[in-house]
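[1] fold the stuff below for me.
(one chain, ligands or ions: 1)
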Amino acid sequence: MKKVGLVMGSDSDLPIIEKAVQTLKSLEIPYEVHIFSAHRTPVEARDFSVNARKNGFGAIIAAAGMAAHLAGAIAANTTLPVIGIPCKSSVLDGMDALLSTVQMPSGIPVATVAINGGVNAALLCAQILAVEDDCLAEKLDDKRQKDAAAVLEKDKTVAANL
Ligand code: RP5
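    Here you go, the predicted structure:
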């Protein structure tokens, strides 16, 4: 199976990336994690993106906050699908990162998930990889069913107790 690359702009984004990692692990998807910044280490971010396809990656998650150009900078250098996670920082509540990540010019797409949306970023990668992988598609179906069952269990509890 192809790997998922998880790139964050700073170690301060780690809690968000950890949620994505947990989700990938639960689906037994191979992954690699890096800290590359579009601004502080642009050469390394570019090298990673340019070589990602030949290095066995199938999709890339890029998490960054503030002037969050990381996902766009990675997408500029690869035609692999790039999923951007805008990270919430101490000011502007993540709106800065959301707009910086989502407002890509035509021709260079970034699939942007919700602010701090680590779980959905990983699930979207899994769904992309599952297009060609029936075993992974089955795991995703199982997860949906388990998640739905958990909600229905809560429904029973609420109905019984309130
Ligand atoms: C962004 O700036 C990073 O992705 C991080 O979310 C934010 C702040 O970085 P630090 O100053 O905490 O390293 O590039």
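
[2] tell me, how many residues neighbour Ala68?
    When neighbours are counted by other Cβ atoms under 10 Å, Ala68 registers 28. Where you see a C-beta, it was placed from the backbone N, CA and C, and this is true even at glycine.

[3] just to check, it is in contact with Gln103?
    No: using Cβ atoms under 8 Å, Ala68 is not in contact with Gln103, being 10.6 Å away.

[4] might you report the residue contacts of the residue lying closest to Leu129 once chain neighbours are set aside?
    Nearest-residue entry for Leu129: Gly58, 5.3 Å, with adjacent residues in sequence omitted and distances by Cβ to Cβ, 6 or more residues apart in numbering. By Cβ atoms under 8 Å, 6 or more residues apart in numbering, Gly58 lies in contact with Met1, Lys2, Lys3, Val4, Leu80, Cys125, Ile128, Leu129.

[5] which two of the residues you listed have the greatest separation?
    Pairwise distances across these (Cβ to Cβ) peak at 14.3 Å, for the pair Met1 and Leu80.

[6] and those two? which has more neighbours close in?
    Leu80 (18 against 15).

[7] confidence score at that one?
    Leu80 carries a pLDDT value of 98.

[8] and Tyr31, by the same measure?
    98.

[9] what's the answer for Ser90, then?
    At Ser90, pLDDT is 87.

[10] against Thr157, how distant is it?
    Going from Ser90 to Thr157 by Cβ to Cβ, to the nearest Å gives 36 Å.

[11] just Asn116 next, same as before
    Distance, Asn116 to Thr157, using Cβ to Cβ: 27 Å.

[12] please say which of those two ends up with more neighbours.
    Neighbours were counted for Asn116 and for Thr157 using other Cβ under 10 Å; Asn116 has more, 20 against 10.

[13] quick one: mean pLDDT over the lengthiest strand in the chain.
    Ranked by number of residues, the top strand in the chain under DSSP state E is strand 57-65. Throughout strand 57-65, pLDDT has a mean value of 98.
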